[in-house]
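Test case, fold it:
(2 chains)
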Amino acid sequence: MRKDGFIVRTMLIAAGLLVATAFLSHHLFTIQLERHEELLVKARAKYTASRRSKGVRGTICDVHGNLLAANLACRDVLAEPRQLRRLAPVELEKVVDALCTQLRVPKEVLGRRLNGPLVEIVVKREADLGDVAMLQQWIAQYNAKARSDGKPSLRGIRFVDTRKRFYPKHRLAANVLGFTDTDGHGAAGIEKLMEKRLAPTEGTALYERDRRGRQLSNEDLTLEQPRDGWHVYLTIDEPIQSIVEEELAALCEQHEPKAAYAIMADPKTGAVLAMAQMPTFNPNRRENIRPEQWQNRILTHGFEPGSIMKCVSVAGAIDYQVVNLGTVFYCEEGIWYHVGRPLRDSGHSYEDLRVWEIVQKSSNIGTAKIAVAMGRQKLHDTLRRFGFGEPTGLGFPGEAPGIFRSLPDWDGLSLSRFAIGQGILVTPLQVVQAYCALANDGIMMQMRIIDRLEDPETGLVETSLPQVRRRAVRRTSAKQIVVAMKAVTREGGTATKAAVPGYEVAGKTGTAQKFVGGTYNSGRYVASFAGFVPADDPAFVLIVVADEPSGTSYYGGTVAAPTFSRIAERSLRYLQVAPATALASGVGPGGGSGNGLTDPVAAQ
Amino acid sequence: MSRLKRRPTYKYERLQAQLYGDRPLRALRWAVLAAGLLAGALLYVRLRSGTESHRNRVVTLRHDLAVRKRELENLRLQQETLTSGRYIRASVRRMGLNLCQAQEGQVRRMVVLRDPPRRPVEAERFVAASER
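Next comes the predicted model:
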């Protein structure tokens, strides 16, 4: 009987265990197999977290790799007001004081943020690493003291690694480079133009964490790798840019114009070597900049070019074989009535002038007569071929095409006025493009400012090759106008101050009255000089423009030409362009005395 | 018959003796096993703590490395600023050092990566075609 009871109990327990085992097995089967996927997702959500990381924005360098824009490592400082409010009022005051002092944040701003409804506030964005290190040291000392005094330690302050755009050369090429907005996207200049290439991509990494959210293992499971932005190399040459900006600043100091611009380009490749404007700005300190400072007005600001347009008009006339350098025009002794309106040679009364003398002395009447001989269609086609009325295609968004009326809209005066640079609006870059064509045997190259792009991960380089845009004039015509332009900077010309000792300079001055309120204002001028050097094998084309120079001097030959000369001299030395020894010894183009009165036609 | 069925007692005694003789040995075995397990556990704890401390050190070093790397990047940027020609010229002016720029021929710069400026092949072809 005892034996039977034992067996029954044993059987009952065994049955119970069996049922329990069966139940557990079923449960295990359910959670391990049937609901595996669902529960795995839930479990992963509990013990894994994802971290999004961003690559680094690409750098911008000059043609030789000198850094112009890069990224400065810094940290965002964040705080949880709820955690800070746990401190005693006196202690909280101390902490707020420390935050404000170390991070240079106004106390009232931080106080307002701390009392706001947000769970986490930004104490300072993009704080300097040194400042943050000092703050961390202060927090460590505070916590050590709090522990020893038995007070609650300081919690709720978080540091997030980040980067901000930094321009190591500060103001250098600021208008070209532009800047980024607070989200790190390009807002102006090259930063905006090359945004797609410069911008980094975001990546995602999964990691396991403990109950408190701390990472458990060292290795992340990377789902998507962040990619750094491409490096952009400009055609800008930093030393030349620096020279141009220094000399432009000197011009502004001396003549106090409203604005001043200078562009240098290689006529053989169309590469922009320097592009500067005044006023400019420091992209690292953008708190108080005004729109006229950061806008690249070289691309957007149209001006009436005045006499610098004469070379283009005359080159067209030579190209159409309407005139040659020796053709003589009577210049009406200073005043000529055309279509019932007077046209003057300001301050001069020339009689017979040959075409090269018209260019040398910048005769309005002579040039207008050449244009009349040429005809509307030919002048229109010439100016179009030189790129006026259309953007240069440099690539910048918002590049102005200037104002150049189509032929049916021309009135009776257009022919004589457009030829001397009145009534049309051009950008400084368009003028450089046209002069590049004259300097490059009549071939207009596509202007470009991006030299190459480099992928930092693969090392892949995309190079922008020089491209021919079109032929503006024939080679022989270009050569002839260069001869006339050389005379401009010699004795008897309008821009003797543009001459560079040891080199032949070909160029043209411009002094244009500004068209304000429906009339040409005699007190407001745009003084300019555009040219290239050495004249026969140019290293560069350069234009200097001063918008409304103040004081008595407002001529292109006295305001812009000296700056051209200084920039050219320093740049030629930097580029190691050998001087023309024959000219250095004072021999003129015709091998004569070099007094400027030598006839270049005979010399040719 | 009864004599034959009787079991010899010495066998039982011998068995007893063997039983008692084995007990210290088994205890020793257990002790060794326990000690081994203890040592194993201690070794495991020791190794694990070593691994953990190494891991912590790696994490700290990684963090330090990241910080130094970022500081180095910033220093390189600072170097770019300080070595730029404009900064040097401004400093020379500010400090009144009366230094002047090199004259023509005093400095020979070697351009390694860039060809001297020349008209591209495409342009040459264009020129040739347009002049034919």
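
Lowest mean pLDDT among the helices and strands of chain A, which one is it?
helix A:581-584 (a mean of 46; mean pLDDT, DSSP states H and E).

and residue 81, how many residues sit next to it?
Since you didn't name a chain, this refers to chain A. For A:Pro81, the neighbour count with other CB atoms under 10 Å in any protein chain shown is 17. Using the backbone N, CA and C atoms, a C-beta is placed for each residue, glycine as well.

hm, I was asking about chain B
With other CB under 10 Å as criterion, B:Thr81 counts 16.

For my notes, confirm it occurs in a strand.
No. Counting by DSSP: H, G, I helix; E, B strand; the rest coil, B:Thr81 is not part of a strand but helix.

so it makes contact with B:Ile88?
No. Contact criterion CB atoms under 8 Å: B:Thr81 and B:Ile88 do not qualify, at 10.6 Å.

mind checking the SS state of the residue in the stretch 1-150 of chain A positioned nearest to chain B?
Taking CB to the nearest CB as the measure, the stretch 1-150 of chain A has A:Ala73 as its residue closest to chain B, at 3.5 Å. Classification of A:Ala73 using three-state DSSP returns strand.

what's the pLDDT at the nearest residue to it once chain neighbours are set aside?
Of all residues not flanking A:Ala73 in the chain, B:Arg70 sits nearest, at 3.5 Å (CB to CB, 6 or more residues apart in numbering or on different chains). Here, the pLDDT recorded for B:Arg70 equals 90.

The helix or strand encompassing B:Arg70 - contacts with which helices or strands?
Following DSSP states H and E, one finds B:Arg70 within helix B:9-83. For helix B:9-83, the packing partners by 3 or more CB pairs under 8 Å, 6 or more residues apart in numbering or on different chains; DSSP states H and E come out as strand A:67-79, helix A:129-149, strand A:157-166.

highest average neighbour count across those?
Mean neighbour count (mean count of other CB atoms under 10 Å in any protein chain shown) peaks for strand A:67-79 among those, with a mean of 22.

Can you list the buried residues in whichever helix or strand comes after it?
Where DSSP H and E defines the elements, the next helix or strand beyond strand A:67-79 is helix A:81-84. For helix A:81-84, a neighbour-count test (16 or more other CB atoms under 10 Å in any protein chain shown) marks A:81, A:84 as buried.

Look through chain B and state the residue closest to chain A.
B:Arg70 (3.5 Å).

Wait, that residue touches A:Asp161, no?
Yes. Counting by CB under 8 Å, A:Asp161 is a contact partner of B:Arg70 at 7.1 Å.

Report the set of residues contacting both of those two.
Counting by CB atoms under 8 Å, 6 or more residues apart in numbering or on different chains, the common neighbours of B:Arg70 and A:Asp161 are A:Ala73.

hey, where'd the helices end up in the stretch 201-350 of chain A?
A:238-255, A:291-294, A:297-300, A:310-319 (DSSP state H, counting those that start in this stretch).

which of the ones you listed sits most buried?
helix A:310-319 (a mean of 27).

Can you pull up the most central residue in chain A?
A:Val176 (1.8 Å; CA atoms, centre = their mean).

and the gap between that residue and A:Thr552?
Noted for A:Val176: a distance of 33 Å to A:Thr552, by CB to CB, to the nearest Å.

got it, and A:Glu37?
Taken as CB to CB, the span from A:Glu37 to A:Thr552 is 87 Å.

ok, now A:Gly178?
37 Å.

One more: A:Gly302?
27 Å.

Compare those two (neighbour count), which wins?
A:Gly302 (17 against 7).

surely that one meets A:Glu399?
No. With contacts counted by CB under 8 Å, A:Gly302 stays clear of A:Glu399, the gap being 11.0 Å.

Spell out which residues are contacts of both of the two.
A:Thr427.

Quick check, pLDDT for residue 20.
All of this is about chain A. We have a pLDDT of 95 for A:Ala20.

try chain B instead
55.

A:Leu24 now?
On the pLDDT scale, A:Leu24 gets 94.

what's the burial count for it?
So A:Leu24, with other CB under 10 Å, has 10 neighbours.

again with the one 3 residues further on
Neighbourhood size, A:His27 [other CB under 10 Å]: 10.

What strand or helix carries it?
helix A:2-29.

chain center to whichever helix or strand comes after that helix, what's the gap?
Scanning forward in sequence from helix A:2-29 by DSSP H and E, the next helix or strand is helix A:36-47. Relative to the chain's own centre, helix A:36-47 is displaced by 51 Å; criterion: CA atoms, centre = their mean, to the nearest Å.

Residues in contact with helix A:36-47: which ones?
Residues outside helix A:36-47 that contact it (CB under 8 Å, 6+ apart) are A:31, A:208-210, A:216.

May I have the phi/psi pair for A:Gly393?
phi 80, psi 20 (degrees, to the nearest 10).

repeat for the one 3 residues further on
Taking degrees, to the nearest 10, you get phi -70, psi 140 for the backbone angles of A:Phe396.

need the contact list for it.
A:189, A:193, A:296, A:299.

what subset of those residues is also close to chain B?
Under the cut-off given by CB under 8 Å from any CB of the partner chain, chain B has nothing from the contacts of A:Phe396 close to it.

low pLDDT regions in the chain?
You didn't say which chain, so I picked chain A. For chain A, the stretches with pLDDT under 70 are A:1-3, A:217-220, A:521, A:581-604.

My question was about chain B, not that one.
B:1-24, B:102-124, B:126-128, B:130-132.

do that again at 90, thanks
In the prediction, chain B carries residues with pLDDT under 90 at positions B:1-30, B:55-56, B:59, B:63, B:66-67, B:80-81, B:83-132.

Now do A:Glu256: how many residues are near it, please.
Neighbours around A:Glu256, by other CB under 10 Å: 13.

Any figure for the gap between it and A:Pro279?
11 Å.

What parts of chain A come near chain B?
Counting by CB under 8 Å from any CB, chain A sits next to chain B at A:63-64, A:66-67, A:70-73, A:129, A:161, A:166, A:168-170, A:172, A:218, A:238-239, A:242, A:245-246, A:266, A:268-269, A:440-441, A:443, A:445, A:465-468, A:471, A:474-475, A:539, A:570, A:573, A:576, A:579.

Skip the chain neighbours and tell me the closest residue to A:Gln241.
Excluding the flanking residues, the one nearest A:Gln241 by CB to CB, 6+ apart is A:Ala274, at 4.3 Å.
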